[in-house]
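Engineer: mind looking at a prediction? Sequence and model below.
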Amino acid sequence: MNAVPIPDALRETIQKYQQEHLLENWGQLDDDSRQQLLRSLQEIDFPNVASLIDLAINKSAADNLSSIAERISPLQQVVRLPQTESDKQTLQQAKQQGQAILDAGKVGAILVAGGQGSRLGFPHPKGMYPIGPVTDRSLFQIFFEQLVSLSNRHNVSIPYFIMTSDATHEETEQFLQEHNWFGYPPEDVFLFRQGKLPAVDDENGKILLTNQSEIAMSPDGHGGLLQALKKAGLIEQMQQRGIEYLFYHQVDNPSVRLCDPVMLGFHVQHESEMSTKVVTKRIPQEKVGIVAELDGVQQIIEYSDLDEELAKQKDEAGRLVYWAGNIAVHIFNRTLLEKLTQAGQSLPIHIAHKKVDYLNEKQESASPEEPNAYKFEQFIFDAIPQAKNPLVIEVDRAEEFNPVKNATGEDSPETSRTALIEQAKSWLQQAGCETHPNAAIEISPLVALSAEDILKMNLQIKQGDNEILLIPELNED
Ligand code: UTP
């Protein structure tokens, strides 16, 4: 008896695209496993995957590098860190303009939190990582507390659109519910899942199975945001709520300044459809993408696509020519999101050569020692060339970029906590409070979002305190 049949049309499609091996074990599967496999098969857009396979098998990385070297030129349109009094005044004006936009309730926030976080090796969604140097407050808590502060100050609701994936959705939702959304109104939080794409064998382009009933699928990259927003009806939701600007950030940077009024102000002043924050690269080899121009069009080039010579190139003043490291903080006009999600629009596909567990010829699950598969992803920054007046804004690394990427070494929890403490100390110092050199300090965003906020507080801190905590009791009930 065949209780769970394969629809004829699906079987024909699978044959047409030469992926019949996916059904090879169908006869041995129980009903639950068949259901599972069937659901996954129905989620695959076979014609699309066929074109990705074609791209992967015929791609040549070397060609890519040489063509970038011929086409690249330095960034033109950029707001650098303020140096002069006049720069500082311009920044203040931008801030006021941004605050007015926040007051008008025109701003929403987007968090992409669907990544697998494999480098960090934390067995939960990365947003749950306890990063607070004193209280272990999670990355999610830091972001939500910023939004609580901002929405109170501006007396508006700021919808928060959080993209998850199959790998992170359930746990994220449960965690946020357990913490009562960190005091943020749940009706202003929208969790939605990104799409996924199958991994394929790097030799023959066959879609990989991880076991007899499971296809090797992974999230389709942060660029999957566009289609995921559309599919969940959230672009309409933004429109109904009168949201015109979307502040975009990643889950791994506890120093991000959510809905930064300065950035909003510059974005609007320059009539930009998409803005990007950058920091000056620490060293030429730093593993961040850079913003530059290719064929005269602003875009982001991944560090792996920038050859060493270009990365090290300096101008007459001895500064890096390709200095502008992308910190993955953007503002989008809602209308740009609408444009980018119209039929026929899509971001380019990036192909990664990775190790993926697979079902071998003996029908056993195996872990490869070397990369064996191509994975496909879209990157949100590829929207830049399609935006009018794309703007780049340089910010201070110590204040705004402090990512948690790796388990140890650079960009790890250790470096991130140290940076958070240094930042807190600097804010206190600017308010005239000297702190003990070894003090662990944590400032809740419910208390202060910047050094200016601390200045207004008239703080009394005893010299020699070795643990300073500026955190009001948060009522989670
Ligand atoms: P990363 O490039 O750091 O990838 O993501 P990752 O998957 O989190 O971590 P590794 O590479 O496995 O260690 C940058 C941001 O984009 C989100 C991540 O959650 C993070 O906020 N992202 C990434 C998605 O939302 N979906 C994806 O498919 C990939």
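Structural biologist: Everything's here; your move. Numbers count the residues shown, from 1 in each chain.
Engineer: name the nearest residue to Glu173, ignoring sequence neighbours.
Structural biologist: When the adjacent residues along the chain are set aside, Glu173 lies closest to Leu191, with 5.7 Å between them (Cβ to Cβ, 6 or more residues apart in numbering). Glycine gets a C-beta too; all of them are placed from N, C-alpha and C.
Engineer: what sits against the one you found?
Structural biologist: Counting by Cβ atoms under 8 Å, 6 or more residues apart in numbering, Leu191 touches 162, 164, 169, 172-173, 176.
Engineer: next step: these restricted to strands.
Structural biologist: 162, 164 (DSSP state E).
Engineer: among the contacts of Leu191, which ones are buried?
Structural biologist: Restricting those to buried positions leaves 162, 164, 169, 172, 176, with burial counted as 16 or more other Cβ atoms under 10 Å.
Engineer: Val279: which of the residues you listed is nearest?
Structural biologist: Using Cβ to Cβ, the shortest approach to Val279 within the buried ones among the contacts of Leu191 belongs to Ile162, at 24.7 Å.
Engineer: quick one: contacts for that closest one?
Structural biologist: For Ile162, the contact set (Cβ under 8 Å, 6+ apart) comprises 110-111, 113, 172, 189-192.
Engineer: out of the residues you listed, list just those in helices.
Structural biologist: Thr172 (DSSP state H).
Engineer: list the contacts of Asn360.
Structural biologist: Ala366.
Engineer: name the nearest residue to the residue nearest the centre of the chain, sequence neighbours excluded.
Structural biologist: Of all residues in the chain, the one closest to the mean position by Cα atoms, centre = their mean is Gln250, 3.3 Å from it. The spatially closest residue to Gln250, leaving aside those adjacent along the chain, is Ala328, at 4.8 Å (Cβ to Cβ, 6+ apart).
Engineer: chain center to the one helix or strand the one you found maps to, what's the gap?
Structural biologist: Under the assignment given by DSSP states H and E, the secondary-structure element containing Ala328 is strand 324-333. Mean-position distance between strand 324-333 and its chain equals 10 Å (Cα atoms, centre = their mean, to the nearest Å).
Engineer: can you map out the strands along the stretch 201-350 of the chain?
Structural biologist: Taking DSSP state E, counting those that start in this stretch as the test, the strands found in the stretch 201-350 of the chain are 209-211, 214-215, 217-219, 245-250, 274-280, 290-294, 297-301, 324-333, 350-354.
Engineer: nearest to Thr13, out of these?
Structural biologist: Comparing the strands of the stretch 201-350 of the chain under Cβ to Cβ, the one sitting nearest is strand 214-215, at 14.4 Å.
Engineer: and the residue of the protein closest to the ligand?
Structural biologist: Going by Cβ to the nearest ligand atom, the ligand is nearest to Gly115 of the chain, at 2.3 Å.
Engineer: tell me, how many residues neighbour that residue?
Structural biologist: Using other Cβ atoms under 10 Å as the criterion, Gly115 is surrounded by 23 other residues.
Engineer: contacts only, for it.
Structural biologist: Taking Cβ under 8 Å, 6+ apart as the definition, contacts of Gly115 comprise 126, 165, 168, 219, 222, 251.
Engineer: what does the stretch 51-200 of the chain put close to the ligand?
Structural biologist: The interface of the stretch 51-200 of the chain toward the ligand, taken as Cβ under 6 Å from any ligand atom, is made up of 112-120, 163, 165, 194.
Engineer: 8 Å instead?
Structural biologist: With Cβ under 8 Å from any ligand atom as the criterion, the stretch 51-200 of the chain meets the ligand at residues 111-120, 126, 163-165, 168, 194.
Engineer: and of the residues you listed, the nearest to Asp54?
Structural biologist: Gln194 (23.6 Å).
Engineer: Leu225 is in contact with that closest one, correct?
Structural biologist: Yes. Taking contacts as Cβ atoms under 8 Å, Gln194 lies within contact range of Leu225: 6.8 Å.
Engineer: list the residues that contact both of those two?
Structural biologist: What both Gln194 and Leu225 touch, as defined by Cβ under 8 Å, 6+ apart, is the set 112, 163.
Engineer: and the pLDDT at Asn2?
Structural biologist: According to the predicted model, the pLDDT of Asn2 comes to 55.
Engineer: follow-up on the earlier one: which of the residues of the stretch 51-200 of the chain next to the ligand are buried, as a PyMOL select command?
Structural biologist: Selecting only the buried entries of these in PyMOL, with 16+ other Cβ under 10 Å as the criterion:
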select buried, resi 111+112+113+114+115+117+120+126+163+164+165+168+194
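Engineer: okay, and which of the residues of the stretch 51-200 of the chain next to the ligand map to strands?
Structural biologist: Of those, the ones assigned to strands by DSSP E are 111-112, 163-164.
Engineer: low-confidence ranges, the chain, go.
Structural biologist: Counting by pLDDT under 70, the chain contains low-confidence ranges at 1-2, 59-66, 459-477.
Engineer: ok, 50 please
Structural biologist: 1, 473-477 (pLDDT under 50).
Engineer: interface residues of the stretch 251-400 of the chain facing the ligand?
Structural biologist: Within the stretch 251-400 of the chain, the positions lying close to the ligand (Cβ under 8 Å from any ligand atom) are 251-252, 328, 377.
Engineer: filter those down to just the buried residues.
Structural biologist: For these, burial is judged from neighbour counts taken by 16+ other Cβ under 10 Å, and it is met by 251-252, 328, 377.
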